[in-house]
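**Student:** Prediction below, plus the sequence it came from.
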Amino acid sequence: MDTIASLFSFITWPVSWVIVQFHKLYGAIFGPDTGWAWGLSIVSLVVLIRICLIPLFVKQIKSTRNMQLLQPKMKAIQERYKSDKQRQSEEMMKLYKETGTNPLSSCLPIIAQSPFFFALYHVLSAIASNKKIGVIDQSLLDSARQAHIFGAPLAAKFMDSAEKVDALGASLTDVRVVTAIMIVMMSASQFFTQRQLMTKNVDLTVKTPYMQQQKMLMYIFPLIFAVMGINFPVGVLVYWLTTNVWTMGQQMYVINQNPTPGSKAQEQYLGRVLKSVTVHGEVRGRTRRNTVKRIVAKGPDRNDIERKFVVGLAKLGLAPQEDGTVAKSDTAVAEAEGGAQQRRQQPKRQTKAQRQTGATHQGGAQDDDSDEPVAKTSLKKSTAQDDKSKPAGKAASGSSRQAKSGQRKGPQRPKHPSKK
């Protein structure tokens, strides 16, 4: 870890400078040697970094939206090459290349803030080793070594020895309890953030590599940070816990205000919009009007949740407009319900017995329509055949004689003369 952190030593000076500036502010309030002053300085560093990363977050959202627009094409590729997984993956990659979409864009914020993370780790490791670094001189170094967060020194680690912890003025038990709680909270927040994304903001009707990637990250990231957390100083755990909480809150806001089409979050969001329209008779808020505008622009390509929303408006006597507003419409109910019924009407699959019965009825109907001609024709033919097949003078006796048991009915072959 120290080797990796040294690779980002070029930004340790700006990171240490930012921490010192925040420490001056909080030190004047809580005292320069307190854990609150140094801990809040690290939290403020996280907030500042995440604010600077907002453009990357916006890019991440746009890339995610592009992935959502590609969902129908992805589904078509899956159905077309469902028996050839390799060809399916090749076509997916080709689609990403043609549309300029990167499924790994969701990792951009993590990748962008990793240099700051390792730079902070490098600064705290230097504090633990009693070494000056960046703009942190000896006086600030002594102040940071005295700072404790709930009894744990800022530079202490879970795996530190008792002698090292004693040198920082704390007990090994306090350090391990505090770091263990923070590691669990850090991993839990990471897992909850990914799980929220998978369960509420993903269209589950389409299985894509993007979904598999998110599902994998949901389990891998918390495990990685739980294992690595035992080697993180308390200050780094504060940093990572803060950034996880920020990410979780930021994601909750996006899911509630701009959910993925076809997801559970979209159903809940459109339900809130419909309830607001029911109460106020109009679409309130620019974000909600933009949502209605996108639904109108989709036309027949709307998903089931969006169709349900349009039908709900129609039952109120309202129709969505191209500018995102709603207007009174007398024909909205009939059109919405009629369109929904046409979409729901699917031919039912008949059983084998029903198909045979239907065929029998059709044959019987044809016979009924031409009953008399057929009867007459068949009667004439059978009479003519009987007259030809019966020998003269023995027709009556032959017709009245019944076939014996074990013999075939109908005309019999004459016996050979030798068997008489």
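**Tutor:** Yep, it's here.
**Student:** what comes into contact with the helix or strand harbouring Val227?
**Tutor:** Element membership of Val227 [criterion: DSSP states H and E] is helix 209-229. Residues from elsewhere that reach helix 209-229 (CB atoms under 8 Å, 6 or more residues apart in numbering): 1, 67, 89, 92, 103-104, 106, 158, 179, 182-184, 186-188, 190-191, 194-195, 197-198, 202, 237, 240. All C-beta spots, glycine's among them, are computed from the backbone N, C-alpha and C.
**Student:** mean confidence score for that helix?
**Tutor:** For helix 209-229, mean pLDDT is 76.
**Student:** Repeat that for stretch 153-163.
**Tutor:** Here the average pLDDT along stretch 153-163 is 88.
**Student:** From one end of that stretch to the other, what's the distance?
**Tutor:** In stretch 153-163, first residue to last residue: 13 Å (CA to CA, to the nearest Å).
**Student:** Go ahead and name everything in contact with that stretch.
**Tutor:** 35, 38-39, 124-125, 127-128, 144-145, 147-148, 164-165, 168-170, 172, 175-176, 179-180, 183, 229-235.
**Student:** quick one, phi/psi of Ala152?
**Tutor:** The phi/psi pair for Ala152 (degrees, to the nearest 10) reads phi -110, psi 130.
**Student:** Quick check: it vs Trp36, distance?
**Tutor:** 13 Å (CB to CB, to the nearest Å).
**Student:** Just want to know which of those two has more residues nearby.
**Tutor:** With neighbours defined as other CB atoms under 10 Å, Ala152 and Trp36 compare such that Ala152 has more, 28 against 15.
**Student:** Spit out the contact partners of the residue nearest to that one when sequence neighbours are not counted.
**Tutor:** The shortest distance from Ala152 to any non-neighbouring residue, by CB to CB, 6 or more residues apart in numbering, is to Val178 (3.9 Å). Neighbour list for Val178: 149-152, 234 [criterion: CB under 8 Å, 6+ apart].
**Student:** Out of the contacts of helix 209-229, name the ones that lie in strands.
**Tutor:** With strands taken from DSSP state E, there is no overlap with those.
**Student:** wait, what's in contact with Arg87?
**Tutor:** Tyr81.
**Student:** could you say which helix or strand contains it?
**Tutor:** With DSSP H and E as the test, Arg87 turns up in helix 85-99.
**Student:** relative to helix 209-229, how tilted is that helix?
**Tutor:** 90 degrees (axes from the mean of the first three to the mean of the last three CA atoms, to 10 degrees).
**Student:** Which parts of helix 85-99 count as buried, going by neighbours?
**Tutor:** 88, 91-92, 96 (16 or more other CB atoms under 10 Å).
**Student:** Pick the one among those residues closest to Leu53.
**Tutor:** Tyr96 (23.8 Å; CB to CB).
**Student:** quick revisit: tell me which two of the contacts of Val178 sit farthest apart.
**Tutor:** Top of the distance list for the contacts of Val178 (CB to CB): Gly151 and Val234, 10.0 Å.
**Student:** Mutual contacts of these two, please.
**Tutor:** Among the neighbours of Gly151, those also in contact with Val234 (CB under 8 Å, 6+ apart) are 175, 178.
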